[in-house]
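Enquirer: Here is my input, please return the structure:
(2 chains, ligands or ions: 2)
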Amino acid sequence: MPDVDVRLEGVTKRFGEVKAVDDLHLEIQQGEFFSLLGPSGCGKTTTLRMIGGFEEPSAGGISLGGGDVTNLPPYRRNVNTVFQSYALFPHLSIFENIAFGLRRKKVDRSEVQRRVKESLDLVDLPGFDTRKPTQLSGGQQQRVALARALVNRPRLLLLDEPLGALDLKLRKQMQLELKRIQQEVGITFLYVTHDQEEAMTMSNRLAVMRHGRIEQLDVPERMYESPATEFVAGFLGASNLLEGQILDRSSELANVGVAGGSTVRVPTARLDGQGPTVKVGVRPEKIKLEADEGDPPAGWNSVSGTLRVSTFVGVSHQYTVNGPADSTLTVYAQNLGAEPAPREGERVRLLWRPEHTFVVQPSAPLAEWEEEQ
Amino acid sequence: MSVVLAQETGRGPGLAPAGAKRRWTRLVLPVYSGLVLFYLVLPILVMILYGFNASGPKRVSFRWQGFSLFGYTHLFAKPDLTTALKNSLFIAVVSTVIASILGTLIALALVRYRFRGRGVSDFVLFMNISAPEIVLGASLLSLFVSFGVPRGILTIIIAHVMFNIAYVAVTVRARLAGFDRHLEEAAQDLGAGPWITFAKVTLPLIWAGILAGGLLAFALSIDDFVITNFNAGTTQTFPLWVYGAVKVGIPPQVFVMGTLIFGFGVLIALLNVVAQRRRA
Ligand SMILES: Nc1ncnc2c1ncn2[C@@H]1O[C@H](COP(=O)(O)OP(=O)(O)O)[C@@H](O)[C@H]1O
Ligand SMILES: [Mg+2]
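Expert: Ligands and ions are numbered 1, 2, ... in the order given. Below is the predicted model of the structure:
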């Protein structure tokens, strides 16, 4: 069991009436790549700023490597931050930017030389030391910001949407780069983003936040396959949710009667503590679509509907189906080219394995400001 | 000294649209600009020219009497004029330094913090700049008189600091408006305490603003007449001496000193421009 590096206990931050962060509990392990994911305004930045020392919690405590840092100023914490705006010092050369932290620690000159050069190599910018920040592109500035933080070998690196200002292609490239660098240096990364794909690509574990609280905390696969709440299910990708009543939970697979008369089977363990009304869901790529003729195959969950829209995306087909009780269901089918694609307006049947069914707790609908991503 | 300000707005005339019919209109802007520049520069040229005026045994010299280097070779030939100039330089340097520090601090406070009385402070700065000098001078005098403060160099310095703070504060504040607060947080994040952060990050970034404000303050101080006249007592400054000399005639040394002060201002402004170029 690795050591706990960062611990937040009951951390709350109020700005006047607004509770930006609400009774947050969190433990991050040594060497972990941990992400905070959530819509804009959910309190990610505030959480990060409290760990960095730029905001003081209204309540609760923060410890780093076992030592309490709740009331320490930023310059007394063994933590470094990569700011979203990069915040490179415009009046200093790249070399002096990166050397800034080492100079504060009175590291001797030859050591400064060596480590700055080493970290420029690490971020793949050798020979850039004499330039000024304004002479670099956005992606290069981003790397310098990273080097400037990492050169200090902090216990923990905080990154606040560091790729937010880059274009899509560069962002994908930097995601892999960041992951490589993190594995190379072995420093704990706490990464903030509102991009679910980014969080899932890079993290060992992630937490989804909403309204200043953690909705769910898990490894990416489990978070995606069995989201705990309606909100998480929707935030991590397209999901198909159906409301139903638990009919029978005596065996390993429980029966849930959904609107429209179908019965959906769910692993009983996932119904723990819920009912009698529940929301069950399934990811679009788990669903097989076929013409609604004859009896559905045994051992599969089956729901019928009418195919409304069929979109060809190249690698796959995307189907939108009008399901029971006015529900809209999405299906992604890999373009194998084997079967003829169903046509719009046809009656279709959606089939999926019972173990791919998840159960979510209902969430309040998204407010408008939360949906901008 | 006006060069310092001109540098901010100096842009060449724009390109006029092509076309044979409108060709004469192309000349309007350059000619107009040229005339305005000539208008602005004329008094300075006259000042430089009269520094080379030959001065006879009599002091009257509003008339051109022939070329001579007398003003330069006998620059300090008039002890009371020399003393007045020294006083002016001393007052200008001291009041500029004090006003630059105080003005910068006010600008930082106004931009950084929301405190009770912030709006009032803003208004006071504006009032200080827009109030007629003669009113400021007179009211300051009555203040000194009622508190029994003897008039001299000290009261002149107090007066000059008073009217210079607002100019520095306004100039520095303009510079601070685009300042990214994350830069200071980044410095703290990298282990710099508040003082190091100020010295290594904040100050270098607002330095150009402080320098511009300081130059403006220096220029305002060295040629202030109205407020100084109220609060000088028997102390002579350069402008006071020149005013007194007008009735009997101005010796060429006055124009030479004016030329030198002007040249010094131009030099600093140029150095500032060069420094900024190299930084960018
Ligand atoms: N300095 C502040 N003053 C007042 N309200 C703030 C301040 N910082 C953040 N907030 C509020 O706290 C909430 C969370 O903000 P933030 O942590 O920036 O969210 P995120 O980074 O997830 O987008 C928002 O409602 C925001 O308006
Ligand atoms: Mg944020």
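
Enquirer: Which positions in chain A make contact with chain B?
Expert: Those residues of chain A that sit near chain B, judged by CB under 8 Å from any CB of the partner chain, are A:52-54, A:73-75, A:79-81, A:83, A:85, A:87-91, A:100-101, A:104-105, A:134, A:148-149, A:152. For glycine as for every other residue, the C-beta is placed from the backbone atoms N, C-alpha and C.

Enquirer: residues contacting B:Thr235?
Expert: Each residue near B:Thr235 by CB atoms under 8 Å, 6 or more residues apart in numbering or on different chains is listed here: B:87, B:151-153, B:156.

Enquirer: burial measure for A:Ala59, as a count.
Expert: Counted with other CB atoms under 10 Å in any protein chain shown, residues neighbouring A:Ala59 total 13.

Enquirer: Contact partners for it?
Expert: A:10-12, A:23.

Enquirer: Do you know the pLDDT at it?
Expert: You'll see A:Ala59 listed with a pLDDT of 95.

Enquirer: tell me which residues form a beta bridge with it?
Expert: Assessed by DSSP bridges, A:Ala59 has beta-bridge partners A:Thr12.

Enquirer: So it versus A:Phe34, what's the distance?
Expert: Remark: distance between A:Ala59 and A:Phe34 (CB to CB, to the nearest Å) = 23 Å.

Enquirer: The residue in the stretch 151-300 of chain A positioned nearest to chain B: what secondary structure?
Expert: In the stretch 151-300 of chain A, the residue that lies nearest chain B is A:Asn152 (6.8 Å; CB to the nearest CB). When classified by DSSP: H, G, I helix; E, B strand; the rest coil, A:Asn152 comes out as coil.

Enquirer: Pull the number of nearby residues for it.
Expert: 24.

Enquirer: how's chain B carved up into domains?
Expert: According to automatic domain parsing, chain B comprises the domains B:2-50, B:79-250.

Enquirer: gap between the two ends of the last one?
Expert: In domain B:79-250, first residue to last residue: 15 Å (CA to CA, to the nearest Å).

Enquirer: cool, and stretch A:132-145?
Expert: 13 Å.

Enquirer: Enumerate the positions of it that are buried.
Expert: Residues of stretch A:132-145 classed as buried by neighbour count (16 or more other CB atoms under 10 Å in any protein chain shown): A:132-133, A:136, A:139-145.

Enquirer: Now do the helices for the chain: every range, in order, please.
Expert: Went with chain A since none was named. A:44-52, A:94-104, A:109-122, A:138-150, A:168-185, A:196-202, A:220-225, A:230-235, A:368-371 (DSSP state H).

Enquirer: Let me rephrase: I mean chain B.
Expert: According to DSSP H, the helices that chain B contains are B:3-9, B:25-50, B:70-73, B:79-112, B:118-130, B:133-146, B:153-176, B:181-189, B:194-197, B:203-222, B:226-231, B:238-246, B:252-279.

Enquirer: between those helices, which gets the lowest average pLDDT?
Expert: The bottom spot among the helices of chain B, by mean pLDDT, belongs to helix B:3-9, with a mean of 39.

Enquirer: State the distance from the residue sitting nearest the centre point of chain B to B:Val266.
Expert: In chain B, the centroid-proximal residue (CA atoms, centre = their mean) is B:Ala219; its distance is 2.2 Å. As for B:Ala219, its distance to B:Val266 is 11 Å (criterion: CB to CB).

Enquirer: go on, B:Asn229?
Expert: Counting by CB to CB, the gap from B:Asn229 to B:Val266 is 27 Å.

Enquirer: ok, now B:Ser33?
Expert: The gap separating B:Ser33 from B:Val266 is 20 Å, by CB to CB.

Enquirer: Can you give me every residue that contacts A:Ala259?
Expert: For A:Ala259, the contact set (CB under 8 Å, 6+ apart) comprises A:242-244, A:324-325, A:327.

Enquirer: Give me the local confidence score for it.
Expert: A:Ala259 is assigned 82 on the pLDDT scale.

Enquirer: Quick check: it vs A:Ala147, distance?
Expert: Separation of A:Ala259 from A:Ala147 (CB to CB) stands at 56 Å.

Enquirer: try A:Asp195
Expert: Taken as CB to CB, the span from A:Asp195 to A:Ala147 is 23 Å.

Enquirer: Between these two, point out the one with more neighbours.
Expert: A:Ala147 (25 against 16).

Enquirer: out of everything not next to it in sequence, what's closest to that one?
Expert: A:Ser119 (4.2 Å; CB to CB, 6 or more residues apart in numbering or on different chains).

Enquirer: Would you work out how far apart the start and end of stretch A:254-263 are?
Expert: 10 Å.

Enquirer: can you pull the buried residues of it?
Expert: A:254-256, A:258, A:262.

Enquirer: same question, stretch B:123-137
Expert: Those would be B:125, B:128, B:136-137, for stretch B:123-137 by 16+ other CB under 10 Å.

Enquirer: Could you check the pLDDT of the residue of chain A positioned farthest from its centre?
Expert: Largest separation from the mean C-alpha position in chain A: A:Gly294, at 41.7 Å (CA atoms, centre = their mean). Note on A:Gly294: pLDDT of 84.

Enquirer: does A:His211 really touch A:Leu24, like I thought?
Expert: No. Here A:His211 lies out of contact with A:Leu24, judged by CB atoms under 8 Å, at a distance of 11.2 Å.

Enquirer: Now do the shared contacts for the two.
Expert: Residues touching both A:His211 and A:Leu24 (CB under 8 Å, 6+ apart): A:Gly43.

Enquirer: Looking at these two, which is more packed in?
Expert: A:Leu24 (24 against 18).

Enquirer: Chain neighbours aside, what residue packs nearest to that one?
Expert: Per CB to CB, 6+ apart, closest to A:Leu24 is A:Val11, 4.5 Å.

Enquirer: what about the one you found, how many residues close to it?
Expert: Neighbour count of A:Val11, defined by other CB under 10 Å: 24.

Enquirer: Can you tell me how far it is from chain B?
Expert: Using CB to the nearest CB, to the nearest Å, we find A:Val11 at a distance of 19 Å from chain B.

Enquirer: Give me the pLDDT value at that residue.
Expert: Note on A:Val11: pLDDT of 96.

Enquirer: again, but for B:Val60
Expert: Predicted confidence (pLDDT) for B:Val60: 53.
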